[in-house]
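J.: Here you go, sequence then predicted model.
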Amino acid sequence: QVQLVESGGGLVQPEGSLRLSCAASGFSFSGYWMYLVRQAPGKGLEWVSAFNTGGGVYADSVKGRFTISRDNAKNTVFLQMNSLKPEDTAVYYCAADLMFRSSTQRSQYAYWGQGTQVTVSS
């Protein structure tokens, strides 16, 4: 069955770094756009980044600080997060779809992971 498993979250101080991973299985990974979407406490979903063969696309809130990449041989997408801010605190979800999406509705994506918590605090 299809699985998206996020890992790499945790507690980090402001200006610190974390690297999230999302391991995919059960579908043809290389043909899919891969996404990171986050949900801060008490707020709605926020689209963060996407990656396909042409490179990464980023929300303005993370541009210049986050870098998305993928390893098709390992069916894994990575999100390198630098210069983290308290407002980056959220559950980060991995998602996948054949089309480019900028939606914040889960129903718009073919596959969705369980999420990993990122907390930025001193």
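T.: Okay, I see it. Numbers count the residues shown, from 1 in each chain.

J.: Let me know the next secondary structure element after the lowest-mean-pLDDT helix or strand in the chain.
T.: Least confident element among the helices and strands of the chain, by mean pLDDT, DSSP states H and E: strand 55-58 (a mean of 92). Stepping forward along the backbone from strand 55-58, the first helix or strand reached (DSSP states H and E) is strand 66-71.

J.: ok, back up a step: elements contacting the least confident helix or strand of the chain?
T.: Applying 3 or more Cβ pairs under 8 Å, 6 or more residues apart in numbering; DSSP states H and E, we find strand 55-58 packed against strand 45-52, strand 66-71. Where you see a C-beta, it was placed from the backbone N, CA and C, and this is true even at glycine.

J.: Outside of stretch 60-78 itself, list whatever touches it.
T.: 19-25, 29-30, 34, 36, 46, 48-51, 56, 58, 79-84, 87-88, 94 (Cβ atoms under 8 Å, 6 or more residues apart in numbering).

J.: now those residues: which count as buried?
T.: 20-24, 29, 34, 36, 46, 48-51, 56, 58, 79, 81, 84, 88, 94 (16 or more other Cβ atoms under 10 Å).

J.: which residue packs closest to Ser122, ignoring adjacent ones?
T.: Gln13 (5.4 Å; Cβ to Cβ, 6 or more residues apart in numbering).

J.: Thanks a lot, see you next time.
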